[in-house]
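Enquirer: Sequence first, predicted coordinates after that:
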Amino acid sequence: MSGYREVAPSAVPEELRDADALTRIRAVRRISACGDPYAFPSTEITDEARGYDVDLMRRIAADAGWETQLVWVNTVNRGGLNRAFRTTIGKGVCDVFLGLGSGGATEALKKSRLTLIKPTFGVGYVLVTFDPALEDRTLADLAKAGTPIGATYFSPTGNLLEAEGLKHESFPEARRAIQAMAEGRVAAVLIPSTSLADAKRDFPQRPVHLIASYEPRDAFNWNNAWAVQEKETQLRAFLEERLAALAASGELQALLDRYGIPYLPPFSVAAERIVAPK
């Protein structure tokens, strides 16, 4: 990982400093986005900025003829999201905060007077394997065969696998579980759908197969979303419209496919059917 620094966006002309965000963005032809530099596959900086949220933001900006300026802020250091919001988007340092889940930052959002836009896509736990022979097996088949499954600490996966009678081993994070699957210690893993980007990056020659018998469970689902200041209703509406158009055209799914991530429509109450990467 290269270093990063928290920086303010480029100067804004005096006559635009009191304008609403969308008016200012259109005038200077630049939108600023905050993101965590260590949050692959959503936002990351190594030799260059990358991640599906970075790509989405750049696509929206490019279509409008704008530049994208990225402001990096570590969300896991002292103060966490509260500090990250307060010192960046809360002060107008950026226009939109990328890489947020729909269920984890409610209090921090309220304190900084931020609101989530409509979610871009759903994230849910998926059961995957490197072994194509397991692709059509049911959970009952896997349990009967004693097939070892990988789970992750501090998640509901272990309880679910135990309830289904599946043999399993838990790992500190999804990437470790994927590594164990590559080494043959487990035959499949139950991990967040976005973690498949780690499998694609770490093991590019080994296609990942979804085990179709496992359906997303409501308690295991959330949505990927961005935040804007509550007062910026026009910017929020603009971003929601553009993201909806990219989803409807299939371009959002194509973007996620490049990271190896299956597209799931945003979740409400009922789980949606998974569309696998092409």
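Expert: Happy to help now that I have it. Numbering: from 1, shown residues only.
Enquirer: where are the low-confidence patches of the protein?
Expert: 1-13, 15-16, 78-79, 103-105, 269-278 (pLDDT under 70).
Enquirer: Now do the helices in it.
Expert: For the chain, applying DSSP state H gives helices covering 21-28, 52-64, 80-87, 106-111, 139-145, 157-163, 174-182, 196-202, 233-249, 251-258.
Enquirer: out of those, deepest packed?
Expert: helix 174-182 (a mean of 21; mean count of other C-beta atoms under 10 Å). All C-beta spots, glycine's among them, are computed from the backbone N, C-alpha and C.
Enquirer: Any idea how far that helix is from the middle of the chain?
Expert: 19 Å (C-alpha atoms, centre = their mean, to the nearest Å).
Enquirer: which residues touch it?
Expert: Residues outside helix 174-182 that contact it (C-beta atoms under 8 Å, 6 or more residues apart in numbering) are 129-130, 150-152, 169, 171, 186-189, 191-192, 195, 198-199, 202-203, 206.
Enquirer: Check stretch 151-165 too.
Expert: 125, 139, 143, 149, 168-174, 177, 189-191, 217, 219-220.
Enquirer: so how far is the first residue of it from its last?
Expert: Using C-alpha to C-alpha, to the nearest Å, the end-to-end distance of stretch 151-165 comes out at 14 Å.
Enquirer: do stretch 92-101 as well
Expert: 21 Å.
Enquirer: list the buried ones in it?
Expert: G92, V93, C94, D95, V96, F97, L98, G99, L100, G101 (16 or more other C-beta atoms under 10 Å).
Enquirer: Looking at the helices of the chain, spot the one closest to A227.
Expert: helix 106-111 (6.2 Å; C-beta to C-beta).
Enquirer: Reformat the helices of the chain as a markdown table; add distance to N74.
Expert: What follows is these, written out as a markdown table (distance: least, C-beta to C-beta, whole Å):
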| stretch | distance to N74 |
| --- | --- |
| helix 21-28 | 24 |
| helix 52-64 | 16 |
| helix 80-87 | 7 |
| helix 106-111 | 14 |
| helix 139-145 | 39 |
| helix 157-163 | 27 |
| helix 174-182 | 19 |
| helix 196-202 | 20 |
| helix 233-249 | 24 |
| helix 251-258 | 25 |
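Enquirer: between those helices, which gets nearest to A39?
Expert: helix 52-64 (8.6 Å).
Enquirer: That closest one vs helix 21-28, what angle?
Expert: 60 degrees (axes from the mean of the first three to the mean of the last three C-alpha atoms, to 10 degrees).
Enquirer: which residues are in contact with helix 52-64?
Expert: Applying C-beta under 8 Å, 6+ apart, the contact partners of helix 52-64 are 26, 31, 33, 35, 41-44, 67-68, 70, 96, 98-99, 120, 197, 224, 226, 239, 242-243, 246, 251-252, 255-256, 259, 261.
Enquirer: go on, stretch 204-216?
Expert: 122, 124-132, 134-139, 141-142, 182, 188, 190, 196, 199-200, 260, 262, 264, 267, 271-272, 274, 276.
Enquirer: Before I go, just wanted to say thanks for your time.
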